[in-house]
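got a predicted structure plus its sequence, pasted below:
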Protein chains: 2
Amino acid sequence: MTDTDAIEGRRDRKKRETRQRLIDAAATLFATTGFAETTTVDIAESADVAQRTLFRHFATKEALLYGDMDDLRIALRAALESRPGDEPVLEVVRQAVLSLADDHQRNADRRLLQARLAAAVPSVSAYSRAVVQASWEREIINAVALRLDTDPIADPRPEIIAGAAMSALRVAIRQWTTGGGRADFVELADGALSAIADLTSPGAGSTDH
Amino acid sequence: MTDTDAIEGRRDRKKRETRQRLIDAAATLFATTGFAETTTVDIAESADVAQRTLFRHFATKEALLYGDMDDLRIALRAALESRPGDEPVLEVVRQAVLSLADDHQRNADRRLLQARLAAAVPSVSAYSRAVVQASWEREIINAVALRLDTDPIADPRPEIIAGAAMSALRVAIRQWTTGGGRADFVELADGALSAIADLTSPGAGSTDH
DNA sequence: CATCGTAATGTCAGTGACTGACATGAGTCA
DNA sequence: TGACTCATGTCAGTCACTGACATTACGATG
């Protein structure tokens, strides 16, 4: 189905399982005991591995909380690449953001935990912004630059479009989190994204109080 | 001149001086020895205080590197508030970003050091994005919301405009840093900011490869 | 199936950021 | 001068994270 299933042997499977046990153990402990209150030794013991093994799988405690985010970034990239080449850029970005909506609905508990900890713990907030969201932003920048046939280093437009999109996404995530994950993420995202389109067509950049 | 000079006594002055000595000692050591290679004990000794005193002034090692950024945020706010009420929002944001340009030209060495460390050290990058830049972004969001007479929590437009502006600012800072601080920051910022205006008038959000 | 190389994990002993508790001394104010 | 406050010093501790080395489990190869 994907491209990473090149006949996985027992060794690779065990490694992947250990990694997943660590992620799940961490999420459970963070949810019940709190982020700061949970030590990496606690998590390692709960996953039945040595602390050293934990740090071979994850560089930081924060990375452990967001351990399942690589899949999400890959899904985002896939969504960006799957759109027809002549589709308007904003629509491509919209579809990409909506691919994240799907995930949030399916993994609501985990995403809510991450969002709540990001709101409460500075180091988690920093990781979320500077690592997780920045990686999404880079995917969008590259995809937009490709479609505009431009150099994302010299031309600021891809980065600006991506920045606006990420802000819309953050608004949607915040509203979704505030509502306890009960609201329809697609609606929220569409609402925020439409504000970008409003900027690009009417003169919303001028006075209108 | 400002509003924080409510007759500063000797005690407050000494506290401020200690804080400044820590900032300068840290910058010097970071520049000569490297960020990771410099310990907080080194910095404290270089500033002739106890390590405990360092951590009473700054919560983290990263905060120490960006210890002079509060002034910058205050300047940004002042720039946002000083613009006439009927000025177009994008022009207000432009003036605010340009107020940061002034500072970068004046404190080029310090800003280059911060930018270079942010590019090289993950924890510094995270702090820069999630603390420093996020605080600027909040200032812009609030100012834009005020001018659009809208609620920045419910209405996504202020946050999206601020997100686009922050992306433009990041592009300008990156280009300025890449050029060793020799380029004209105002030109770079104007170049990046004009890409926002391009989005709001012509149909740059559609196909145009 | 025995063997050998390799990759994952365990063990152990650090380093260094950061914190709480308590002591001290300088600055301020009556 | 004397009481009071607040910045700082001292000290001991916790915990995230790392390097070095030993060990065990896989997997390929004869």
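Thanks, I have it. These figures come from a predicted structure and were not determined experimentally. Residues are numbered from 1 along each chain as shown, chains lettered A, B, ... in the order given.

touching, A:Ala145 and A:Pro156? I think so.
No: A:Ala145 is beyond contact range of A:Pro156, at 10.6 Å (criterion: Cβ atoms under 8 Å). The C-beta positions use only the backbone N, C-alpha and C, and glycine is treated the same way.

show me what contacts A:Thr40?
A:Thr40 makes contact with A:51, A:54-55, A:61, A:64 under the criterion Cβ atoms under 8 Å, 6 or more residues apart in numbering or on different chains.

which one of A:Ala145 and A:Pro156 has more residues nearby?
A:Pro156 (27 against 20; other Cβ atoms under 10 Å in any protein chain shown).

residues in contact with the longest helix belonging to chain A?
Counting by DSSP state H, the longest helix found in chain A is helix A:10-33. Residues from elsewhere that reach helix A:10-33 (Cβ under 8 Å, 6+ apart): A:8, A:38, A:42-44, A:46-49, A:53-54, A:57-58, A:61, A:64-65, A:67-68, A:110, A:113, A:117.

and chain A, which residues reach DNA strand D?
Residues of chain A lying near DNA strand D by Cβ under 7 Å from any atom of the strand: A:9-12, A:14, A:38-41, A:51-52, A:55, A:59-62.

at 6 Å what do you get?
Counting by Cβ under 6 Å from any atom of the strand, the positions of chain A adjacent to DNA strand D are A:9-11, A:14, A:39-41, A:52, A:55, A:59-61.

out of the residues you listed, who's the most crowded?
A:Lys61 (21 neighbours).

look up the closest residue to that residue, ignoring the ones flanking it.
In this structure, A:Lys61 finds its nearest non-sequential neighbour in A:Thr40, 5.9 Å apart by Cβ to Cβ, 6 or more residues apart in numbering or on different chains.

again with A:Met166
Closest to A:Met166 by Cβ to Cβ, 6+ apart is A:Glu137, at 5.2 Å.

touching, that neighbour and A:Ala162? I think so.
Yes: under the criterion of Cβ under 8 Å, A:Glu137 makes contact with A:Ala162 at 5.1 Å.

who has more neighbours, those two?
A:Ala162 (26 against 20).

for the record, mean pLDDT for whatever helix or strand that one lives in?
When secondary structure is defined by DSSP states H and E, A:Ala162 falls within helix A:157-178. The pLDDT scores in helix A:157-178 average 97.

count the residues that sit near A:Asp48.
11.

and it, helix, strand or coil?
For A:Asp48, the reduced secondary structure class is coil; criterion used: DSSP: H, G, I helix; E, B strand; the rest coil.

and the residue nearest to it when sequence neighbours are not counted, how far from A:Glu45?
Closest residue in space to A:Asp48, ignoring its immediate chain neighbours: A:Arg21 at 7.3 Å, by Cβ to Cβ, 6+ apart. In this view, A:Arg21 and A:Glu45 are 11 Å apart by Cβ to Cβ, to the nearest Å.

comparing those two, which residue is more hemmed in?
Counted by other Cβ under 10 Å, A:Arg21 and A:Glu45 do not tie: A:Arg21 has more neighbours, with 17 against 14.

pLDDT score for the more buried one?
pLDDT, read off for A:Arg21, is 98.

got it, and A:Leu112?
98.

check which helix or strand it maps to.
Here A:Leu112 sits within helix A:108-120, counting by DSSP H and E.

quick one: that helix near chain B?
No: on the criterion Cβ under 8 Å from any Cβ of the partner chain, helix A:108-120 is out of touch with chain B, staying 9.5 Å away.

can you point out the buried residues in that helix?
By neighbour count, with 16 or more other Cβ atoms under 10 Å in any protein chain shown as the criterion, the buried positions of helix A:108-120 are A:110-118.

let me know the closest of the residues you listed to DNA strand C.
Taking Cβ to the nearest atom of the strand as the measure, DNA strand C lies nearest A:Leu117 of the buried residues of helix A:108-120, at 16.9 Å.

coming back round to it: which residues touch the helix holding A:Leu112?
A:27, A:30-31, A:35, A:65-66, A:68, A:103-104, A:124-125, A:127-128, A:173-174, A:177, A:180-181.

buried subset of those?
A:27, A:30-31, A:35, A:65-66, A:68, A:103-104, A:124-125, A:127-128, A:173-174, A:177, A:181.

so the closest residue to A:Gly85 other than its chain neighbours: helix, strand or coil?
Of all residues not flanking A:Gly85 in the chain, A:Arg147 sits nearest, at 7.2 Å (Cβ to Cβ, 6+ apart). When classified by three-state DSSP, A:Arg147 comes out as helix.

how is chain A carved up into domains?
By the assignment in automatic domain parsing, chain A contains the domains A:10-65, A:69-200.

could you check the pLDDT of the nearest residue to A:Leu22 once chain neighbours are set aside?
Leaving aside its chain neighbours, A:Leu22 sits nearest to A:Ala47 (4.7 Å; criterion: Cβ to Cβ, 6+ apart). On the pLDDT scale, A:Ala47 is placed at 98.

now for A:Ala47, how many residues are close by?
Close neighbours of A:Ala47, defined as other Cβ under 10 Å, add up to 23.

closest one of the contacts of A:Thr40 to B:Ala78?
Distance to B:Ala78 across those (Cβ to Cβ) is lowest for A:Lys61, with 38.4 Å.
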